[in-house]
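[1] I'll drop the sequence and a predicted model, then ask my questions.
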2 protein chains.
Amino acid sequence: MSVRFLALYETPADPEAFERHYREIHIPLARRLPGLRRYVVGRDLAPVRGGAPCYLVAELEWDTMEQLRAAFASPEGRAAADDAARLQELAPVRIMIYTANEA
Amino acid sequence: MSVRFLALYETPADPEAFERHYREIHIPLARRLPGLRRYVVGRDLAPVRGGAPCYLVAELEWDTMEQLRAAFASPEGRAAADDAARLQELAPVRIMIYTANEA
């Protein structure tokens, strides 16, 4: 079991500006989140069903929901969330949190 | 590095019928996929940004893209894909494949 923070980015109007911001500003901020166990990013997604795929998928993982909540309540968490708001101006995004259980 | 198959289900018209089909038919079929390393499901997702969250998120993981492609080309893969088409009648879904790289 783990707790996941899943961000689904749609194609940005200006992919170069988005990539620059994501790589140079957002990743370094998010990597500082306390207790972060894993942070993986997927690009060049291939569609399988239901239309066009997302442009970029980011998945951040913590051991427990308490740790995730503590991470986002920390100064590092507030900085990352503030930057996510700026990033949303560059690409539509849908973000959600869930507990991942083995099927 | 791993290869992920990500299915994003939106709220079904009949959640009970969807859950029954997903649990009793789809999970057993998908668990038979050759080389499947991990299969996690998230329910009761909490929204963070960008509107309502998905209803259910399923993530299946393989070591390599070749293994994933072999899995879906197998008889077990064709059975799971056929069932996914039926499941899509119960809930809108968007499915995509990506290579997950550490951020």
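    Yep, that arrived.
[2] just how off-centre is the one helix or strand A:Ile95 maps to within its chain?
    For A:Ile95, the enclosing helix or strand under DSSP states H and E is strand A:93-102. Strand A:93-102 sits 10 Å away from the centroid of its parent chain (Cα atoms, centre = their mean, to the nearest Å).
[3] cool, and stretch A:36-53?
    11 Å.
[4] cool, and stretch A:4-24?
    The answer for stretch A:4-24 is 9 Å, by Cα atoms, centre = their mean.
[5] can you check stretch A:34-43 too?
    Worked out by Cα atoms, centre = their mean, stretch A:34-43 lies 8 Å from the chain centre.
[6] show me where chain A has its strands.
    A:2-9, A:38-49, A:56-62, A:93-102 (DSSP state E).
[7] format those as a markdown table; extra columns: mean pLDDT.
    Conversion of the strands of chain A to a markdown table gives the following (pLDDT from 0 to 100):
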| stretch | mean pLDDT |
| --- | --- |
| strand A:2-9 | 97 |
| strand A:38-49 | 96 |
| strand A:56-62 | 98 |
| strand A:93-102 | 97 |
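[8] the ones you listed into a markdown table, with extra columns for mean neighbour count and distance to B:Arg43?
    Bear in mind the C-beta positions are built from the backbone N, C-alpha and C, glycine included. Shown next, in a markdown table, are these (neighbours: other Cβ atoms under 10 Å in any protein chain shown; distance: least, Cβ to Cβ, whole Å):
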| stretch | mean neighbour count | distance to B:Arg43 |
| --- | --- | --- |
| strand A:2-9 | 22 | 12 |
| strand A:38-49 | 16 | 20 |
| strand A:56-62 | 22 | 17 |
| strand A:93-102 | 18 | 7 |
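[9] and of the ones you listed, who's closest to B:Met65?
    strand A:38-49 (9.1 Å; Cβ to Cβ).
[10] partner strands of that closest one, parallel or antiparallel?
    strand A:56-62 (antiparallel), strand B:93-102 (antiparallel) (DSSP bridges).
[11] between it and strand B:2-9, how big is the angle?
    Angle between the axes of strand A:38-49 and strand B:2-9 is 60 degrees (criterion: axes from the mean of the first three to the mean of the last three Cα atoms, to 10 degrees).
[12] may I have strand A:38-49 as PDB, with CA atoms only?
    Listed next in PDB are the C-alpha coordinates belonging to strand A:38-49 (Å, rounded to 0.1, in the frame of the first residue of the first chain):
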ATOM      1  CA  ARG A  38       9.300   8.300  -5.300                       C
ATOM      2  CA  TYR A  39       8.600  10.800  -8.000                       C
ATOM      3  CA  VAL A  40       8.200   9.500 -11.500                       C
ATOM      4  CA  VAL A  41       7.300  11.300 -14.700                       C
ATOM      5  CA  GLY A  42       6.000   9.900 -18.000                       C
ATOM      6  CA  ARG A  43       6.300  11.700 -21.300                       C
ATOM      7  CA  ASP A  44       5.400  10.600 -24.900                       C
ATOM      8  CA  LEU A  45       2.400   8.700 -23.700                       C
ATOM      9  CA  ALA A  46       0.800   6.200 -26.100                       C
ATOM     10  CA  PRO A  47      -3.000   6.100 -26.400                       C
ATOM     11  CA  VAL A  48      -4.800   2.800 -25.800                       C
ATOM     12  CA  ARG A  49      -8.400   3.700 -25.400                       C
END
